[in-house]
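S.K.: have a look at this prediction, sequence included:
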Amino acid sequence: MPSKNTICLWYDRDALDAAEFYAKTFPDSAVGKILRAPGDYPSGKQGDVLTVEFTVIGIPCVGLNGGTAFKHSEAFSFQVSTEDQAETDRLWNAIVGNGGQASECGWCRDKWGLSWQITPRVLIEAISDPDPAAAKRAFEAMMTMGKIDIATIEAARRG
């Protein structure tokens with residue numbers, strides 16, 4: 001049964017390339033149905049890829065090749081929880097190394113402009129520590145980072 005709620009992501013002309021990258025990079029991700037335009041439209045021609053159904057870590061999405069009218073912003077991001085530094089590094093490096101851009105506090109942007117938060121579970125645990133001083137130290141350490149360094153977060157939490 002199709003999902004009742006699907007995230008629709010706007011791309012210029014390369015929704016299929018993005019979906020294929022996500023499918024090979026993230027677990028529980030896949031490319032599904034590809035719909036080709038039945039006629040010409042403002043940003044494409046008949047037969048061009050119009051939409052691509054895909055999942056990203058189990059979340060149903062559709063990529064729409066809508067042209068240049070709209071761009072992604074940090075107002076929407078995928079937050080990906082990671083278990084360890086190796087997974088954090090792999091995902092961050094895949095996004096940034098494939099034409100993406102590093103940002104701050106675990107955020108990065110893929111080459112299509114979509115924002116990602118690569119967030120180790122340890123970070124969330126540290127900044128929600130019941131000890132306010134430990135949480136503050138971990139938070140302050142995070143604020144200095146691009147890609148999250150788990151060892152540094154854990155050391156800051158301990159004081």
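M.R.: Arrived safely. The model shown is predicted, which means the values in this text are computed figures rather than measured ones.
S.K.: quick one: Gly63 is in a strand?
M.R.: Yes - with DSSP: H, G, I helix; E, B strand; the rest coil as the criterion, Gly63 is part of a strand.
S.K.: now do the same contact list for the nearest residue to it once chain neighbours are set aside.
M.R.: In space, Gly63 comes closest to Ala15 once its chain neighbours are excluded; the distance is 2.9 Å by C-beta to C-beta, 6 or more residues apart in numbering. Glycine gets a C-beta too; all of them are placed from N, C-alpha and C. Going by C-beta atoms under 8 Å, 6 or more residues apart in numbering, Ala15 touches Leu9, Val49, Thr51, Val52, Gly63, Leu64, Asn65.
S.K.: how many other residues sit next to the second one?
M.R.: Spelled out, it's Val49. 20 (other C-beta atoms under 10 Å).
S.K.: name the residues linked to the residue nearest the centre of the chain by a beta bridge.
M.R.: Centroid-nearest residue in the chain, with C-alpha atoms, centre = their mean: Trp116, separated by 3.2 Å. Trp116 forms beta bridges with Phe78, Cys108, as assigned by DSSP bridges.
S.K.: look at it and report its pLDDT.
M.R.: At Trp116, the predicted lDDT confidence score is 98.
S.K.: now for it: which residues touch it?
M.R.: Ser77, Phe78, Gln79, Val80, Leu91, Ile95, Trp107, Cys108, Arg109, Asp110.
S.K.: now Gly47
M.R.: Arg36, Ala37.
S.K.: ok, now with 6 Å
M.R.: The neighbours of Gly47, taking C-beta atoms under 6 Å, 6 or more residues apart in numbering as the test, are Arg36.
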